[in-house]
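In: Give me a model of this one.
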Amino acid sequence: MCVICIKKKGVRMPTESEIKDMWARNPDGAGFMYARDGELHIDKGYMSLPAFMEALEAAEIKESEPLILHFRISTQGGVNPGMCHPFPVSKRYADMDELESSPEIGIAHNGIIQRCCKANCKYSDTALFVTRYVSELIRKPSDLNKYALLEAISALAPNNRFALMNAKGKIATIGAFEQMDGLLYSNTYHVKNYGWWRK
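Out: Numbers count the residues shown, from 1 in each chain. Reported below is the predicted structural model:
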């Protein structure tokens, strides 16, 4: 199971130790997105922890800037840079493979979307869901404020968790997130004192 970590505006950055723990449980690639000066930045495709840490440090995220990190476990689409999250919200399959982009809206996912699971498919269930469904519902940045649209995504992918961000830094979450020390997580399986992680 993947993990999404959300740092809202005014909240501290995740520590190196916290990032290492998330990577250890979800080692199939990582990426992040943040909003700065009215522009959204997606930076993904990191297949090693040192490369990810170097990129995150180079981005120089400020406390006042929102940040969403994603650490992946592959369930479909293979272990490769292009299928790392976050993805731009787009109808174009080619956009899913872009490692650096500045779309109006980005999205990260945690879970398995049964309606988009296909054997031997080049694209992950998330990439297929974004191009086929999310892009039809979320068409402009202000749509992140529309509860009915977010509920529609939830209904299409029940028991899944999503984090969306637009260029203004607005974050919308779908599904249950847990707060720990100011940060939001789509799950806490990476936390060392979390039940069966120690087993």
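In: can you pull out the strands in this protein?
Out: 3-7, 30-36, 39-46, 67-71, 87-88, 100-101, 105-110, 161-166, 171-174, 178-180, 183-185 (DSSP state E).
In: Walk me through which strands the last one pairs with, and which way each runs.
Out: For strand 183-185, the paired strands and their directions (DSSP bridges) are strand 3-7 (antiparallel), strand 178-180 (antiparallel).
In: out of the strands of the chain, which comes closest to L149?
Out: strand 171-174 (9.1 Å; Cβ to Cβ). Where you see a C-beta, it was placed from the backbone N, CA and C, and this is true even at glycine.
In: Would you indicate which residues of that closest one are buried?
Out: For strand 171-174, burial by neighbour count (16 or more other Cβ atoms under 10 Å) applies to I171, A172, T173, I174.
In: Just send those back as a markdown table, with pLDDT and distance to L184 too.
Out: Shown next, in a markdown table, are the buried residues of strand 171-174 (pLDDT from 0 to 100; distance: Cβ to Cβ, whole Å):
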| residue | pLDDT | distance to L184 |
| --- | --- | --- |
| I171 | 98 | 9 |
| A172 | 98 | 12 |
| T173 | 98 | 7 |
| I174 | 98 | 12 |
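In: circling back to that earlier point, tell me the most buried of the strands paired with strand 183-185?
Out: strand 3-7 (a mean of 24; mean count of other Cβ atoms under 10 Å).
In: Adding distance to I19, write the strands of the chain out as TSV.
Out: Shown next, in TSV, are those (distance: least, Cβ to Cβ, whole Å):
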stretch	distance to I19
strand 3-7	8
strand 30-36	9
strand 39-46	11
strand 67-71	7
strand 87-88	21
strand 100-101	20
strand 105-110	15
strand 161-166	16
strand 171-174	19
strand 178-180	14
strand 183-185	11
